[in-house]
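Novice: have a look; sequence and predicted model below, questions after that.
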Amino acid sequence: MSGKSEKKAMALHTPMLNELETGPWPSFFSDLKEYSKKKPVVAQLLNQLEESYENKWNYWIGKVHNAPGYGGGIIARVSEKADKYPGLANFHTVRVIEPPGWVYSTEALRNLADTAERNGAGILQFHGMSGDILLLGFDDAGSLQCVEDLMHDGWDIGGSGAAMRTLQCCVGQARCEMACYDTMKATKHLTDTFIHYLHRPEFVYKFKFKLSGCGNDCSNSIVRSDMPIMGTWRGPMQVNQEKVAEFIDTKGLEYLIDNVLTRCPTRCLSVKGKTLVVDNENCVRCMHCINVMHHALAPGLDRGVTILIGGHRTLKIGDTMGSVLVPFMKLETEEDYDALVEFIERVWEFWNDNGMDHERIGEFIARIGMGTFLKGVGVEPDARMIRQPRTTSYIKFEELAPTKFEGEKKKDPPVWNREAESVETA
Amino acid sequence: MSGKSEKKAMALHTPMLNELETGPWPSFFSDLKEYSKKKPVVAQLLNQLEESYENKWNYWIGKVHNAPGYGGGIIARVSEKADKYPGLANFHTVRVIEPPGWVYSTEALRNLADTAERNGAGILQFHGMSGDILLLGFDDAGSLQCVEDLMHDGWDIGGSGAAMRTLQCCVGQARCEMACYDTMKATKHLTDTFIHYLHRPEFVYKFKFKLSGCGNDCSNSIVRSDMPIMGTWRGPMQVNQEKVAEFIDTKGLEYLIDNVLTRCPTRCLSVKGKTLVVDNENCVRCMHCINVMHHALAPGLDRGVTILIGGHRTLKIGDTMGSVLVPFMKLETEEDYDALVEFIERVWEFWNDNGMDHERIGEFIARIGMGTFLKGVGVEPDARMIRQPRTTSYIKFEELAPTKFEGEKKKDPPVWNREAESVETA
Amino acid sequence: MSDKPMAPRDQGAPDYNKYLHPLMAKNYGEWVSHDRLRPGVLVHTAKSGDKLYTVRAGSPRTMSADTVRKVCDIADKFCEGYLRFTARSNIEFLLGDKGQLDGLIQAVEGDLGWPLGGTGPSVSNVSHTQGWLHCNLPGSDAAGSVKALMDDLIDEFKNETLPNRVHISSSCCQINCASHGDIAIIVQHHHPPRINHANMQICELPKVVAICPAAAIRPAVVNGYESVEVVHEKCMYCGACHGQCPSMEIRDSETDTLSIWVGGKVSNARSAPTFMKLAVWGLPNNPPRWPEISEAVRRILAAYKEGAKPWERVGEWIDRIGWQRFFEKTGFPFTRYHIDDGPEALSNLNRSAMVRL
Amino acid sequence: MSDKPMAPRDQGAPDYNKYLHPLMAKNYGEWVSHDRLRPGVLVHTAKSGDKLYTVRAGSPRTMSADTVRKVCDIADKFCEGYLRFTARSNIEFLLGDKGQLDGLIQAVEGDLGWPLGGTGPSVSNVSHTQGWLHCNLPGSDAAGSVKALMDDLIDEFKNETLPNRVHISSSCCQINCASHGDIAIIVQHHHPPRINHANMQICELPKVVAICPAAAIRPAVVNGYESVEVVHEKCMYCGACHGQCPSMEIRDSETDTLSIWVGGKVSNARSAPTFMKLAVWGLPNNPPRWPEISEAVRRILAAYKEGAKPWERVGEWIDRIGWQRFFEKTGFPFTRYHIDDGPEALSNLNRSAMVRL
Ligand code: SRM
Ligand code: SRM
Ligand code: SRM
Ligand code: SRM
Ligand code: SF4
Ligand code: SF4
Ligand code: SF4
Ligand code: SF4
Ligand code: SF4
Ligand code: SF4
Ligand code: SF4
Ligand code: SF4
C-alpha cells in the first residue's frame, strides 16, 4: 500500500476493544494494537472495528477487483467510512493457496509476512476456513503488486467465486499413522492439474475439495466440500495381537468392552481370551477401534480412497452432506491419478451442463436425484452409496420416460412437490 | 339378493383358477366353487375372475350407492361384463364394524353368515385391512336390506370415504399380558362417541384410528392410522428378580447378553450377578426385553397411552409415519376419556379448517410443519416429539411473521422448495 | 325388501363383552404370561391361575357362509362358542380345557383343512387386499397370489424356525391397502394413464386434477370433449387419478410388473418402526400361481434365515449386514431405481464414509 | 507498482516437500503410532524409530507480520525452521530433539504468550470467520467473540478432561463459513431484508431474484426505480439476497440474535457424521465479550462433561440420553422453533412410540 492515506497517524479510540486485552487467550486485538504503531492504517481499522462494536454494525461493502487474467482470489472491500478512515477506502484480502497440510518453513512464512507488510496492512490469517492463507488490507494497486510479488516468490493466489476453490487436506502421511493415502500429494496434484478452473470462475457455482487421510476426517471434508476424498482400506485391518494383550493387561477387559467392542457401529469386534477377533467383512472403516487402540491396530495394507459427493453448508436448500460416490479407488500410480482426474472432469461436465446458476453440486443432486446423477456421470449404482433403498413406490423407468434434468427443466417441479398449480387450474 | 339373475345356473369354466385348488394352504377358490353349487351367482363371479386371470384385467367399475342417511359403508361395484354375468351387474361390499379385538360368539358369526347369504352372494371376509367385517356381493336392493338386517341385529356399518374410518385394536387386555390399557374399551368408546363422523363423510379426507396395547403395535397403528394410540407406562418396569435368575440359569448369561442387554436401544439394561438392573430413566418402552423375558418382566404399574399423529400409506407425498404428539396420557377414568375425546375434536377441527381436499393429516403436517400444527391444536412442544431438533437455521419466529397455514395459502410454495417461479420472473 | 324404516341409527361398535370367551371375561386385564406349546398353540396364564389355550390357524380370509358355519361348529364343540380372528386374518380358537386340545387341533386341521401355525418366529398369514375379486383398481389378484405363495411357504407357517416373526403383505395396486410388511408385494405401472376422453365428463374434473401428486393433470378440450390431459414428463404413474376417475386408465396388462419390498417394521421393539424398502422390481405378473414371486420371497427368507440373529426382523438384519450384502445374498440386482428420489432421498443416501470393503 | 508482467501464471500449490520438517520428510508415510505426553504435546513414532515431537498452541489466527516473525524466531531456534498450522488454526511447532521440549514450551507460553493445549479430549481452538474485521455480511464479530469465549474455556483447552474432543465454531452470519461443530454459534435475522430501492440498479437483478431459496423476491418498479420486492410471507430471513446485493439489507442491530447449535460431527468414528442441531436461540449479540454466549457454552460443556461416556462426542451423548434430558440438564427451553420444518422435517420427528417417561 503506497497511498498517502496510510501514512496519516490516527489515535486509537477503542474502549470496547480494550476489553479484549484481558484474559489468557492470545488477543488479536493486542497484537494489532501494538502493530498499529508501525502500520498506521491498522489504527484506522481498529477504530472502525470499535465503531462496529459500539453500533453492532458493519461498514464493509464488497466490490469486484481482480488481477489481470484472473477471475478471483481477491476479496475486495471498501469502507462506508472511507471519509473518516481513508486508509480503509480499499481494503482487500488476497487469498493465497496454502502448502498442502499447512506445513511451512520459516523462510516461507517470513516471505509472506514481508509481502503482506510491504504491499498492505501486514495482517495475516493462518488459515481461512477453506484452507487459504489470507493476507488482509490492500488497496487496489497494493493488492495487484502483492499478487505479483507472491507469484514471483512461487506462491499462487487462491480461489473465490463460481470456481474450483483452494483445496485443503489433513497432515496425512507427513505425520499421521492413520493416513491411508498421500493427501498432500493428491492435493497438490489436483490443485496443479485443475489450476485453470481455480483461477477462472467458469462453473455454475463454487466447487470445493477436501482430502482426509482416513475416516476421522480431520480436514472436515464431508460437510464442507463438494467432493470429499477420504482414505480407507480393503481387506483385513492390521492387528498386533501382542499389543492387544498388552492393552487388555493395562486397561482391563471391561475398558475394552465398554470403549471398543460395544462402540463398533456394526458390532464386528469380539474378544477371545486376549485375542481380538475382527469380522473384517462387516467393518465399515469407521476408525474408532483403531483410534482407541492405535498401538495395536492399524488400517489394512490394501489402501485407497472413498470418494463422496455433495457436501456444503446451509444456503438455499439447507445443509447437504457428502454421500458415497466411489466406494473404493486406489490412488497410488500415475494411472490412478489420471483416472481420478478424468472422473472429476466427467462430474464437472455433467454438473455444469445441467446445473442452474448458483447451484452447488449437492443441491443439483438433490434436485435431479442421485439415480439420474449417476447415469449422467456414468457411474454404476452400488448399494454402498445408500443407507437404504427407496421407500416410495413411484418409479419412472427411464427407458420409458425422460429423466428429470432434461425436458421442461425450469418449469418442471420436482415430482415430489405438490404444487399449487393443480389447484389453480382447477 | 332377489333378482332372477342369481337363479340362473352357469357352468364353471375356470381352468386357471383350478390351479389354485392344489397345495396345502386353504383355497378360497375351492370354498367358493363348492359354494357356487348353492349360490349360482358365485359361479358367475368365479367365471369373471377366471377371465381376469386369463387377461390380467379387471372388470369392476365403482359407483356411488349408500343407505339412506349414510354417506358411506357400501363399496358399490358394477361389472363391465354384466351382459355375460348378469348377477354381477351390481355386486357391492358392505363394511360392518367389527367387535373390537375381533372377538366373536358363534351366534354372532352365524348371524353374519345368514345375513350375507340371505341378501347377497354369501361371501364374507374376516377381516378387511382396516378391520371391518366385509360382506361381498349385493345388488342395490340387497345391500340396503342387508344393512337394515344388520342394524336390526345390533351391528352397524363401517366407514368409507372422507370420514372417520372403522377403528381397529389389538386383543389387548382380553388376552395379552403386555396390554397397558383397555384397547377394546377405548375402541368402542371412540367409535360410539364419534359414530356420526364415521357414517357421514364430512372431513377433508379419511381419518383412521388404530389402538395397540403396547409398543409391539400388533394393530399396525403407526404406519396405518392417522392417530395411533399405543399403550405405555411411566416409572419403573416390573422386574421379578427370581424369574430373572431362573432365566439366566436356564438360558445362560450369554443368551441374556446377546439377546437382551445388547439389543436394548438405549443400552439401559445391565446385569449384576443374577440381578437385572434397569435404568428406567432411559428406557424408551420399546418392549423388547419384556418380550424376551416376559415371565420375569412386565410393563410398570402407572400405565397410560402415547398418542401419535399422521401415519398413512403412500399416496401423494409418500409414506408418512405416526410421530409422537402426546408422550403420555392416562386413559382410565371417565375424565381421561373425556379429555381424549375433547383433544381429538380439537385436532380434527384444526385439520378440517385448514387441510386441503384429499389431504391426510400426515400430509397436512408435512405441509404446514409440526411446529405450526402444535400451535394450531394447542399442544405444548415437547422434546420427546422429535428425534432431533432442526438442523436448518432459517427460522421464522411467528411473533414476527404469519404462519404457513394462513396467508396466501394456495399460492405459497413450501418455504423449502426452490420454485421455477424465481427463474420465470427473472 | 322389508318395510322396516331405513334411517341412520348410529349404533356404534358391537359390545365385545358379549363375545368374550368366559376365561377372557373373567381374567380381563389380569393376564400375566404366555407360552407357546407348539407352533400354532399359545397358552396364556392369568393371575387367577386360569389358563386359556389358543389354537391359531391360517384362514383364507375370504369365506363362504357355509365355511363360516363350519368354523362355528368347531367353536361350539370345543370353545364354548367363542373364537376370534387376528390382525393378520388368522383364526384363533379359544379353549379352556387342555384335554380338548388334540380334538380341536384334529378338527381344525382335519375337518376344516386349515393349517396350524403363524405363531412366534414364523411366517404368519399374508395380509392382502381385494384384487380382481372386488376392487376397481387392481393390476393383479391378491387372494390367488397369496394362496399360491402360502402353499410355497407352508413350512415356514407351520414351524417356528425363523429368527423372528415375518409379516408379509400383498397388494394389488400401488395404493397398497395391505400396507407395510417385512416383505411386501405390490404392482407397478410404467406409463401415464390413458384417457378415455369421450367418457371423461362423467367425473368431477376438479377432483381428479387436484389429486395428482405431481400436478401433471390439466383440464383440456380434446376432440371436442371437456376432458383433461396429462403432462407425461411430470406424471409418475402412481395411479392416484385412476382411483378418482375410471376414464384415466393406469393399468396395462402388457407392461405392469410386480415388485417386492423389504424391511417394513411396525413394532417399536429394539429399533424404531421403519418403512419398507425396494428389494426387486420388474417381476412378471403371472397368474394363476405367480411362481416368480414365490421364488423371490423364498430367496429373501432363505438369506434371512441363514444370516439373521435371533430377534432380528428382516430390516434389522439387513441394516446390520449392509444392503450390499443383502443384494449379494439374494442375487437381486442393485439398480439406480433403488436409489430414493422421494421426499427423504437425501437422508437415504450413505452420508458417511462407512463402507464395507 | 512494479513493471513486471501481470499475466496469469497458474503456478498451483506450493511444493510442500520444501516445507517438511526433516523428520517428516524422512519418515513420510512411515509413522506407526503417537502418544500424548501432556496436553498440547504429541509425539509420533516412525517405523525407523524416529520420534517427532509436536507442541500445539492456541493461535488467534489473525496475526500481524511482526507476530509471524516472532513465531518464526521460535521455530528457527527449536524446530530447524519448520512448523505447521492445524485444521483448527492452532500452531504446531515440530521438534526432533526431546531435550529441547521444555525450552520450546517456555518460548511458546512465555515469549509468544500462546497457551499449550487443544490435543486429545479437550476444547480445541474455535473455528471462526471474518466478522466485522473484513466481511461485508456479518451481523456480529467472530475473532472478538472467540477471544472472549476462549478466555472463558481456557482450562478446557489446556487440559484433556472431557469425554472426547470438542470442536466449536463461531460464524458471523447464517451463511456460517465456520460451519458445523460439536457446538456452533451463529447469527439469526428476524425480518425480511429492507430494500434500498434507489441503490438497486447497481446489482444484477436476475442474480438476486434467482438466489432466493424461497422464491420471495420479484422484480418491481418502486418509486420509479427498477427494483425488486420481497413477499414477506415467503421470506425466511436467510440473507442469501444480501450476499448478492448490498441494497437488500438483512441485518438489524436491534433484533438480530445469536443461536447455539450442538451435535455437529464430521468424523466417521463410531457413528456416521451428523449435522448440528438447534440448542438455544434468541441470545443477545453483546459485544465486546458476549458473556451470554460463554455462559451457554459452559452449560453445555458442564452437562456433557458430567454425563457423557468416554469417546462420546456431544451429539452422541445427547442421542443416548435423549433430547428431553439435554434440555433438562442445560435448562434451555424446548420450543416449537426447535421442531424442524426444513427438507428433512418429517424424519426429524420421533416416528416411533419410544419415549422416556
Ligand atoms: C474468508 C472465509 C471465512 C474466514 O474467515 O475464514 C469466508 C468468507 C466469506 N464467505 Fe465463506 N468463507 C470461507 C470459508 C467458507 C466455508 C468453509 C470451507 O470452505 O470449508 C464455507 C462452508 C462450506 C461450503 O462451501 O458450503 C463457506 C460458505 C460460504 C457461502 C455459502 C455457500 C453455500 O453454498 O452454502 C457463501 C455465500 C455464497 O457463496 O453465496 C460464502 C461467502 C463468503 C464471502 C465471500 C461473503 C460474500 O458472499 O460476499 C465472505 C468473504 C469475507 C471476506 O471479506 O473475506 N461462504 N465459506 C473463508 C474462506 C477463506 C479461505 O479461502 O480459506
Ligand atoms: C377393502 C380394503 C382392502 C381389503 O381387501 O381389505 C380396501 C380397499 C380399497 N381401498 Fe384401501 N382398503 C382397505 C384398507 C386400506 C388400508 C389399510 C388400513 O386401513 O390399515 C390402507 C393403508 C393405510 C392408509 O389409510 O393409508 C388403505 C389405503 C387406501 C388408499 C390410500 C390412502 C392414502 O391416503 O394413501 C386409497 C385411495 C384413496 O383413498 O384415494 C384406498 C382405496 C381403496 C378403494 C376404496 C379403492 C378406490 O379408491 O375405489 C378399495 C375398495 C376395494 C373394494 O372394492 O372393496 N385405500 N386402504 C381395506 C378396507 C377394508 C376394511 O374396511 O376393513
Ligand atoms: C393375535 C395378535 C393380536 C391381535 O389382536 O390379533 C398378536 C398377538 C401377539 N403378539 Fe403381536 N400379534 C398380532 C399381530 C402383530 C402385528 C401386526 C401384524 O402382524 O400385522 C405386529 C407388528 C408387526 C410389525 O412390526 O410389522 C406384532 C408385533 C409383535 C411383536 C414385536 C415383534 C418384533 O420383535 O418386532 C411381539 C413381541 C414378540 O414377538 O415377542 C408380539 C407379541 C405378541 C404376543 C406374544 C403378545 C402376548 O403376549 O400375547 C401375542 C402372541 C404372538 C404369537 O404369535 O406368538 N407381537 N404382532 C396378532 C396376530 C397376528 C397373526 O395372526 O399373525
Ligand atoms: C492436526 C490435525 C490435522 C491437521 O492436518 O491439522 C489433527 C490431528 C490428529 N487428529 Fe484429528 N486433527 C485435526 C483436526 C480434526 C478435525 C477437524 C476439525 O477439528 O476441524 C476432526 C473432525 C472433527 C469432527 O468430527 O467434528 C478430527 C477428528 C479426529 C478424530 C475423531 C474424533 C471422534 O472420535 O469423533 C480423531 C481420533 C481420535 O481422537 O483418536 C483424530 C485424531 C487425530 C490424531 C490423533 C491423528 C494422529 O494419529 O496423529 C492427531 C492428533 C490429535 C490430537 O489433537 O490429539 N482426529 N480432527 C487437526 C488438529 C486440529 C486442532 O488444532 O485441534
Ligand atoms: S484424517 Fe486421518 S490421516 Fe488425516 S490427520 Fe486425521 S487421523 Fe490422520
Ligand atoms: S474400524 Fe470401526 S467398524 Fe471397523 S472394526 Fe473398528 S470400530 Fe468396527
Ligand atoms: S400390541 Fe401389545 S398389548 Fe396388544 S396384543 Fe400386541 S403385545 Fe399385546
Ligand atoms: S423396554 Fe426396551 S428400552 Fe426399555 S429396557 Fe427394555 S429393551 Fe431397553
Ligand atoms: S391395493 Fe389397490 S387394487 Fe387392491 S384393494 Fe387396495 S385400492 Fe384396490
Ligand atoms: S398417474 Fe399419478 S402422477 Fe400420473 S397423472 Fe395420474 S395422479 Fe398424476
Ligand atoms: S459467516 Fe457470513 S459474515 Fe462471516 S465471513 Fe462468512 S459470509 Fe462473512
Ligand atoms: S432473506 Fe432469503 S428468503 Fe428472504 S428475500 Fe432474501 S434470499 Fe429470499
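Specialist: In hand now; what should we look at? Ligands and ions are numbered 1, 2, ... in the order given.

Novice: how about low-confidence regions in the stretch 201-350 of chain A?
Specialist: Scanning the stretch 201-350 of chain A for pLDDT under 70 picks out nothing.

Novice: oh, I was asking about the stretch 101-250 of chain C
Specialist: Low-confidence segments of the stretch 101-250 of chain C (pLDDT under 70): C:201-206.

Novice: how about the residues of it near chain B?
Specialist: Where the stretch 101-250 of chain C comes near chain B, counting by C-beta under 8 Å from any C-beta of the partner chain, the residues are C:112-115, C:127, C:129, C:132-141, C:143-144, C:147-148, C:150-152, C:154, C:174-180, C:207, C:210-211, C:213, C:238, C:240, C:246. (Glycine included, C-beta is placed from N, CA and C.)

Novice: buried ones among these?
Specialist: Neighbour-count burial (16 or more other C-beta atoms under 10 Å in any protein chain shown) is assigned, among these, to C:112-115, C:127, C:129, C:132-141, C:143-144, C:147-148, C:150-152, C:154, C:174-180, C:210-211, C:213, C:238, C:240, C:246.

Novice: filter these by proximity to ligand 2?
Specialist: On the criterion C-beta under 6 Å from any ligand atom, C:Thr129, C:His134, C:Cys135, C:Asn136, C:Leu137, C:Ile175, C:Cys177, C:Ser179 are the entries of those that sit beside ligand 2.

Novice: just those residues now: which is nearest ligand 8?
Specialist: Ranked by distance to ligand 8 (C-beta to the nearest ligand atom), those are led by C:Ser179 at 24.5 Å.

Novice: out of the ones next to ligand 2 among the buried ones among the residues of the stretch 101-250 of chain C next to chain B, who's nearest ligand 3?
Specialist: Of these, the one sitting nearest to ligand 3 (C-beta to the nearest ligand atom) turns out to be C:Ser179, at 8.5 Å.

Novice: quickly find the element holding the nearest residue to C:Ser124 once chain neighbours are set aside.
Specialist: Leaving out its chain neighbours, the residue that sits closest to C:Ser124 by C-beta to C-beta, 6 or more residues apart in numbering or on different chains is C:Gly118, at 4.0 Å. Using DSSP states H and E, C:Gly118 sits within no helix or strand.

Novice: run a quick neighbour tally on C:Gly118.
Specialist: A count of nearby residues for C:Gly118, using other C-beta atoms under 10 Å in any protein chain shown, gives 26.

Novice: contacts only, for it.
Specialist: With contact set as C-beta atoms under 8 Å, 6 or more residues apart in numbering or on different chains, C:Gly118 has these partners: C:Pro39, C:Gly40, C:Arg56, C:Ala57, C:Gly58, C:Thr86, C:Arg88, C:Asn90, C:Ser124, C:Asn125, C:Phe157.

Novice: over to whatever residue of chain A ends up closest to ligand 10. Which of the three states is it?
Specialist: Going by C-beta to the nearest ligand atom, ligand 10 is nearest to A:Tyr394 of chain A, at 7.5 Å. Here A:Tyr394 is coil, with the state taken from DSSP: H, G, I helix; E, B strand; the rest coil.

Novice: contacting residues around it?
Specialist: Contacts of A:Tyr394 by C-beta under 8 Å, 6+ apart are A:Val415, B:Thr314, B:Gly318, C:Gln174, C:Met236, C:Tyr237, C:Cys238, C:Gly342.

Novice: what is the nearest of those residues to B:Tyr53?
Specialist: C:Gln174 (20.7 Å; C-beta to C-beta).

Novice: thought that closest one was touching C:Ile185?
Specialist: No. Counting by C-beta atoms under 8 Å, C:Gln174 stays clear of C:Ile185, with 11.6 Å between them.

Novice: where do the helices sit along chain C?
Specialist: Along chain C, the segments classed as helices by DSSP state H run C:22-26, C:65-78, C:101-106, C:143-158, C:205-211, C:240-244, C:291-307, C:314-321, C:323-330.

Novice: of these, which approaches ligand 6 most closely?
Specialist: Comparing those against ligand 6 with C-beta to the nearest ligand atom, the closest turns out to be helix C:314-321 (11.9 Å).

Novice: what about the residue of chain C positioned farthest from its centre, distance to chain B?
Specialist: The centre of chain C is farthest from one residue, C:Gly224, which by C-alpha atoms, centre = their mean lies 43.8 Å away. Using C-beta to the nearest C-beta, to the nearest Å, C:Gly224 is found at 24 Å from chain B.

Novice: for A:Arg285, same thing?
Specialist: To chain B, A:Arg285 is 22 Å away according to C-beta to the nearest C-beta.

Novice: residues touching that residue, list them.
Specialist: With contact taken as C-beta under 8 Å, 6+ apart, A:Arg285 is in contact with A:Cys214, A:Gly215, A:Thr232, A:Trp233, A:Pro299, A:Thr306, C:Ala353, C:Met354, C:Val355, C:Leu357, D:Asn268.

Novice: could you look up the SS state of it?
Specialist: A:Arg285 falls in the coil class when you classify it by three-state DSSP.

Novice: how about it, phi and psi?
Specialist: For A:Arg285, the backbone dihedrals are phi 60, psi 40 (criterion: degrees, to the nearest 10).

Novice: same check on A:Trp60?
Specialist: Main-chain torsions, A:Trp60, degrees, to the nearest 10: phi -100, psi 140.

Novice: which helix or strand contains whatever residue of chain A ends up closest to ligand 7?
Specialist: Of all residues in chain A, A:Thr391 sits closest to ligand 7, at 23.7 Å by C-beta to the nearest ligand atom. For A:Thr391, there is no host helix or strand (DSSP H and E).

Novice: can you list the helices of chain C in a markdown table and add distance to ligand 9?
Specialist: Shown next, in a markdown table, are the helices of chain C (distance: least, C-beta to the nearest ligand atom, whole Å):
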| stretch | distance to ligand 9 |
| --- | --- |
| helix C:22-26 | 32 |
| helix C:65-78 | 22 |
| helix C:101-106 | 33 |
| helix C:143-158 | 11 |
| helix C:205-211 | 14 |
| helix C:240-244 | 7 |
| helix C:291-307 | 15 |
| helix C:314-321 | 21 |
| helix C:323-330 | 25 |
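
Novice: quick one: closest of these to ligand 8.
Specialist: helix C:314-321 (13.5 Å).

Novice: need the contact partners of that closest one.
Specialist: Surrounding helix C:314-321, the residues in contact under the criterion C-beta under 8 Å, 6+ apart are A:266-267, A:282, A:388, C:163, C:166, C:182-183, C:262-265, C:270-271, C:274, C:276-277, C:300, C:304, C:307-309, C:312, C:325-326, C:329.

Novice: and the buried ones among the residues you listed, selectable in ChimeraX?
Specialist: Buried residues within these, by 16+ other C-beta under 10 Å, are selected in ChimeraX with:
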select /A:266,282,388 /C:163,166,182,183,262,263,264,265,270,271,274,276,277,300,304,307,308,312,325,326,329
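
Novice: in strands, which of the contacts of helix C:314-321 fall?
Specialist: With DSSP state E as the criterion, strands contain C:Ile183, C:Val262, C:Lys277 from among the contacts of helix C:314-321.

Novice: rewinding a little: got phi/psi on the residue farthest from the centre of chain C?
Specialist: Here C:Gly224 shows phi and psi, under degrees, to the nearest 10, equal to phi 80, psi -10.

Novice: returning to that earlier point: and the ones next to ligand 2 among the buried ones among the residues of the stretch 101-250 of chain C next to chain B, which is closest to ligand 12?
Specialist: C:Ile175 (37.0 Å).
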